[in-house]
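Undergrad: sharing a model prediction with you, sequence too.
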Amino acid sequence: MKSILSTVVIAALILLSGCVSGSPPQTINETPLTRITDIDSAGLFAADQDGRKLAVSRRGLQLLDLESGSRQKLSSESPTALAWSPDGSALAAAFPIANYETRLELYSAQGALLHETLLPVALNQMVWSVRGDLLVTGFALKIYSFGGNLRQVLYRVTTEQVVERVLADTSLKPATAKKLTPIMQSVQSVVFSPQGDELVFAKLHDPPAFAPYLQLRYMNWENGSERSLGKIPLQPIQFFWSGSENSVDVMALAESFSLSLWPPSESSSEDLLTPFYQFAKGRLYYGEKLVADWGDDARLQILVDGRYLLAQKGRLYLGEGLPPVPHSVYSKKSWTLCRWRFEGLITSDEYLNLLEEKP
Amino acid sequence: MSCLLRLLGLICLGLCFTTTLCFTTTAAAEDCIECHKKETPAAVDQWQASSHAPAIGCSACHGTDHEAILKGDAPADAKVCGRCHEDAYHEHISSKHGMGLHSGWGCTRNLESRDPRECRFCHEEGSTQPKTNVQCARFLAQTSEMGSLGCNRCHQVENSCASCHTNHITDLAAVRGPESCATCHMGPDHPQWEMWQTSRHGVLFEALGETAGPTCQRCHMPNGSHDVSSGITMSPAMVQNPLDHATRREEMVEICMQCHSRSFAERELKSGDVILAQSQKLIREAEAVIRDLADRNLLVPSLQDRPEHPLRGHELVLDGQMLYEDISHIERLFFKMKKYDLAKTVKGAFHQNPAYTHWYGNAELKMTLVDIKAEAARLQSRAAPAAEKSASEVGEGSPFRSLEKELQILKRKRDRGAIDAEEYSRSKQELFERLPRER
């Protein structure tokens, strides 16, 4: 199922990026790469935004200082998610404990364990907002003789507290519970906005006497406002926030489409022309241009200064020469305007006009 | 011979019919009486002394299913009485006594300012017939015991002739006196009994009898009519219906003219109309103060921080479905103003009671408005230091917070139609000018 979905994703990405298969790829494959360390097969890695510290899954979790080369073992277990805070002061790592239990650990940039907490879910997404909120989504499926129950939850984790917001709490018919079990992870898609203040997720509905379906929902997690974007039959699904920030691309097993989050305006169509990176199946596109093709199993993280980390065949390399990535920086104005737009205090056009106002 | 046989046949048939009828009524009553002489002796005594006793037995009204009677599934309600008392029944159900009094709300279908959602309090979807189990927020907020003893004893009048006539007494002397109305038409929300009693009408009645002073029934149930709305130009919520005002007014003038001149009656009633309009203006002024506070989220407790209104959730409710509990103090003052003071002023005027019109009514109405404005000022001044404190605490965030608050106020005003789209947009643009500019 996973491979089918991947095929769909890559096919859709190619379509979205302007069908480049006929043109000769201008790759940066020849650019010299510096080997940094070994990495577990399919192991995770994450560098902070400045590219000074690197967390890597290598027989557990290790912290590397890319400048000095020093190395520190943080855990003997391998994480299922890694994320650096936007200011690089904290590293979040998630470890699966049981089917629906996850341990979350928060480390300082120096590798000191700051906080540890258990979440009663299987991890789905872990991100930091540009403001510095650690956000985790997860799910828990309980099977009973008479059906099942699916909880989808969003957590905001700080060292002081864990704030829970239930995204969905759905009772399932026996047939749905049976059908859902093998594809759980793939129907639990969540994507956060570039700022991390909003998310799009699929909420499962299983009404009696009707087929189960996924309702696609758009939420501002800070005030809890949410609205429906539409619904599709129950199937594997993935979301990608598009470059315009005003739409989300939906890659479902049966179809792919784009969902507008806000009414289109002239400004938003200009946004669409701004190039952005898309990476899938070892291929990197910048806008419509294929930049590199490292092979199917390659994994990539692009740093803010155009350097990049490439994991390939159990080794992690550092490269350079990519166009710099415009970095998301916290702006109180942008954050607040987004929330106002969601609450209906300002219109979509007012939002865009106010956002573009120069000092 | 054949004529004789035919005559004998008719006599036999007549005897059989009479015997059957008597047997049915007597047997039905006798079946019940043996036990009910012990169980409910007053009911039996009253029935035996009533005009029903010779012909109408227990089962004629109560049916024969004793279990259903005990469970309350076979009530001897207004429909049962209406099977024989057709005219009285139809007058009753078409009057305000028969129109959704469970909700404390008359029909507003012809009013310009009506809220279409009001219909569901009294009507099933698609039906013009009032339903008995209409919803009333104040009723729904009570315990079932309070609902039964405190609300329904009066509001059951919609479907219960017994509300006035009692269950088994048929002697009209029991309902022809003004005391009969006093059970419900008294107290702080509509003290018609008290205001009539101390008006010239009531005093003359007490001193010289009905020929000198009219009773409730003489003006509101003229010639024994059960249409108690005859001549009344306003709803229980004290809103006048312009469509039938002239007709209703003429009905009342005709009644007044039994003792007074037309010009006197018209002048007096017109003065009542003016007092109603003046008083409603004060109510609207108070309502605007409270709505503005709600827009600014200054009510304590706020709409979100209180139990949901049984019919409208977290909305601000200031109409006929307003509660007197789980509300802010200023709303409680408004409840008193609208439910008590307004009623005393206006009904005092129409019942010719100067003390109720002025001191219990008008003066209280205006003093409560003073209280409401003072409470509004207190709430506003209470919020101001809190806003300053929060602004200093959040540092650079404060301009956003203050703008957000003002945008929320504007949105609430726009949502309830207090400002039009143009003013909304203009006011927002003014606020946007104050938006901090980031470098």
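TA: Nice, I can see it.
Undergrad: flag the shaky bits of the chain, pLDDT-wise.
TA: As the question left the chain open, I've gone with chain A. Chain A contains residues with pLDDT under 70 at A:1-31, A:243-244, A:265-275, A:358-359.
Undergrad: wait, I meant chain B there
TA: Using pLDDT under 70, the flagged stretches of chain B are B:1-30, B:100-126, B:128-135, B:385-397, B:438-439.
Undergrad: one more pass at 50, please.
TA: B:1-5, B:7-27, B:104-106, B:111, B:390-391, B:393-397 (pLDDT under 50).
Undergrad: which residue, other than its chain neighbours, is closest to residue A:158?
TA: Using C-beta to C-beta, 6 or more residues apart in numbering or on different chains and skipping the chain neighbours, the partner closest in space to residue A:158 is residue A:134 (7.1 Å). Bear in mind the C-beta positions are built from the backbone N, C-alpha and C, glycine included.
Undergrad: what residues are up against the one you found?
TA: A:83, A:85, A:90, A:92, A:106, A:126-128, A:156-158 (C-beta atoms under 8 Å, 6 or more residues apart in numbering or on different chains).
Undergrad: how much space is there between residue B:136 and residue B:75?
TA: 20 Å (C-beta to C-beta, to the nearest Å).
Undergrad: who has more neighbours out of the two?
TA: Neighbour count, other C-beta atoms under 10 Å in any protein chain shown: between residue B:136 and residue B:75, residue B:136 has more, with 23 against 17.
Undergrad: quick check: the more buried one vs residue B:270, distance?
TA: 33 Å.
Undergrad: spell out which residues of chain A are next to chain B.
TA: Contacts of chain A with chain B, taken as C-beta under 8 Å from any C-beta of the partner chain, map to A:331-333, A:336, A:340, A:343-346, A:350, A:354, A:357-359.
Undergrad: how about TSV for those, with secondary structure and neighbour count added?
TA: Formatted as TSV, those follow (DSSP: H, G, I helix; E, B strand; the rest coil; neighbours: other C-beta atoms under 10 Å in any protein chain shown):
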residue	secondary structure	neighbour count
A:331	coil	15
A:332	helix	14
A:333	helix	16
A:336	helix	22
A:340	helix	23
A:343	helix	15
A:344	coil	13
A:345	coil	21
A:346	coil	22
A:350	helix	17
A:354	helix	17
A:357	coil	11
A:358	coil	6
A:359	coil	6
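Undergrad: what two of these are the furthest from one another?
TA: Of all pairs drawn from the residues of chain A next to chain B, the widest gap by C-beta to C-beta lies between A:344 and A:359 and measures 26.9 Å.
Undergrad: for residue 37, give me its contacts.
TA: Using chain A. A:54, A:56, A:58, A:62, A:64, A:71, A:315-316.
Undergrad: chain B was what I was after
TA: residue B:44.
Undergrad: surely it is within a helix?
TA: Yes: assessed with DSSP: H, G, I helix; E, B strand; the rest coil, residue B:37 lies in a helix.
Undergrad: separation between it and chain A?
TA: Using C-beta to the nearest C-beta, to the nearest Å, we find residue B:37 at a distance of 56 Å from chain A.
Undergrad: what is the subsequent helix or strand relative to the helix or strand hosting residue A:184?
TA: In the assignment (DSSP states H and E), residue A:184 maps to helix A:184-187. Of the helices and strands lying after helix A:184-187 in sequence (DSSP H and E), the nearest is strand A:190-192.
Undergrad: given that following strand, what are its sheet partners and their directions?
TA: Applying DSSP bridges, strand A:190-192 is found paired with strand A:198-205 (antiparallel).
Undergrad: what is the burial count for residue A:108?
TA: 12.
Undergrad: ok, and the closest non-adjacent residue to it?
TA: Nearest to residue A:108 is residue A:114, by C-beta to C-beta, 6+ apart, at 5.6 Å.
Undergrad: and that neighbour, that's in a strand?
TA: Yes: according to three-state DSSP, residue A:114 belongs to a strand.
Undergrad: OK, contacts around it?
TA: Counted by C-beta under 8 Å, 6+ apart, residue A:114 has contacts A:90, A:106-108, A:159.
Undergrad: the residue of the stretch 201-350 of chain A found nearest chain B: what's its closest spatial neighbour, skipping adjacent residues?
TA: Residue of the stretch 201-350 of chain A nearest chain B, by C-beta to the nearest C-beta: residue A:345 (4.2 Å). Take residue A:345 and drop its neighbours on the chain: the residue closest to it by C-beta to C-beta, 6+ apart is residue B:407, 4.2 Å away.
Undergrad: what's the helix or strand for that neighbour?
TA: Here residue B:407 is assigned to helix B:398-415, by DSSP H and E.
Undergrad: list the buried ones in that helix?
TA: B:398-400, B:402-404, B:406-414 (16 or more other C-beta atoms under 10 Å in any protein chain shown).
Undergrad: that older thread, measure the residue of the stretch 201-350 of chain A closest to chain B to residue B:238 for me?
TA: Residue A:345 is 37 Å from residue B:238, by C-beta to C-beta.
Undergrad: distance-wise, check the residue most central in space within chain A relative to residue A:135.
TA: Nearest residue to the geometric centre of chain A (C-alpha atoms, centre = their mean): residue A:191, 5.4 Å. Applying C-beta to C-beta, the value for residue A:191 to residue A:135 is 12 Å.
Undergrad: same thing with residue A:188?
TA: 15 Å.
Undergrad: quick one: which of the two has more around it?
TA: residue A:188 (27 against 22).
Undergrad: from what I can see residue B:291 touches residue B:318, true?
TA: Yes: the pair residue B:291 / residue B:318 is scored as a contact, 7.5 Å apart, by C-beta atoms under 8 Å.
Undergrad: which residues touch the residue of the stretch 201-350 of chain B found nearest chain A?
TA: Nearest residue of the stretch 201-350 of chain B to chain A: residue B:304, at 12.3 Å (C-beta to the nearest C-beta). Going by C-beta under 8 Å, 6+ apart, residue B:304 touches residue B:314.
Undergrad: pretty sure it is in a strand, no?
TA: No: under three-state DSSP, residue B:304 sits outside any strand and is assigned helix.
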